[in-house]
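Peer 1: the sequence isn't on hand, but the structure is:
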């Protein structure tokens, strides 16, 4: 009778050990599958963010009051640009954000008080906090060259933009995309005008 008890204990121990080994293998398979799925999701998210929806952080005050320092925005690649849009573009290995004032062929005039005229019509700019000629070394009237856009920051006193020959008009190939959505801070998530 004692031998039967040892056999039963051994069988129970073997079954317990087999169950533990199966559980360990299943856990390992599940863990590898989860890691694989997370890597695929991260790669897809990275590709989408890089190719179609770049996520950008605002640095500086040149776009205040519309965009404030340290806000996070999303740009749409391949968009058509029109006056009033905010675009992101490459300049000296940085990405700058400015507002489109004129497109190819437009004639720009900026008066000493900062009033902007495009093709002879005064530009209505409810998005700026104050008018200013700012840093400007252009002679007016100025015609926007082909395949370029004329941009200005909303905070005209501090913005260095197309009014300065340092930056000038922005070539189409330098444009990252149209800034469309604010995603940070959370209480201000939404479309950008």
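Peer 2: Everything's here; your move. Because the structure is a prediction, the values reported are computed rather than measured.

Peer 1: remind me which residues of the chain are low pLDDT?
Peer 2: For the chain, the stretches with pLDDT under 70 are 1-9, 48-53, 79, 190.

Peer 1: could you pull out the helices for it?
Peer 2: Under the criterion DSSP state H, helices of the chain are mapped to 2-51.

Peer 1: centre of the chain to stretch 72-89, how far?
Peer 2: Centre-to-centre, stretch 72-89 and its host chain are 9 Å apart (Cα atoms, centre = their mean, to the nearest Å).

Peer 1: can you give me the end-to-end span of that stretch?
Peer 2: Stretch 72-89 has an end-to-end distance of 16 Å (Cα to Cα, to the nearest Å).

Peer 1: same check, this time on stretch 160-167
Peer 2: Stretch 160-167 end-to-end distance (Cα to Cα) = 7 Å.

Peer 1: please apply the same query to stretch 99-115.
Peer 2: From start residue to end residue, stretch 99-115 stretches across 15 Å - Cα to Cα.

Peer 1: which parts of it are buried?
Peer 2: Neighbour counts over stretch 99-115 (16 or more other Cβ atoms under 10 Å) mark 99, 100, 101, 102, 103, 106, 108, 109, 110, 114 as buried. Quick note: C-beta positions are derived from backbone N, CA and C, even for glycine.

Peer 1: where do the strands sit along the chain?
Peer 2: All strands of the chain, identified by DSSP state E, fall at 55-57, 72-76, 86-91, 94-103, 107-110, 116-118, 121-122, 142-143, 148-152, 170-171, 175-184, 190-191.

Peer 1: can you put these in JSON lines and add distance to residue 36?
Peer 2: As requested, the strands of the chain are exported to JSON lines (distance: least, Cβ to Cβ, whole Å):
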{"stretch": "strand 55-57", "distance to residue 36": "25"}
{"stretch": "strand 72-76", "distance to residue 36": "28"}
{"stretch": "strand 86-91", "distance to residue 36": "34"}
{"stretch": "strand 94-103", "distance to residue 36": "33"}
{"stretch": "strand 107-110", "distance to residue 36": "54"}
{"stretch": "strand 116-118", "distance to residue 36": "54"}
{"stretch": "strand 121-122", "distance to residue 36": "58"}
{"stretch": "strand 142-143", "distance to residue 36": "56"}
{"stretch": "strand 148-152", "distance to residue 36": "44"}
{"stretch": "strand 170-171", "distance to residue 36": "42"}
{"stretch": "strand 175-184", "distance to residue 36": "28"}
{"stretch": "strand 190-191", "distance to residue 36": "35"}
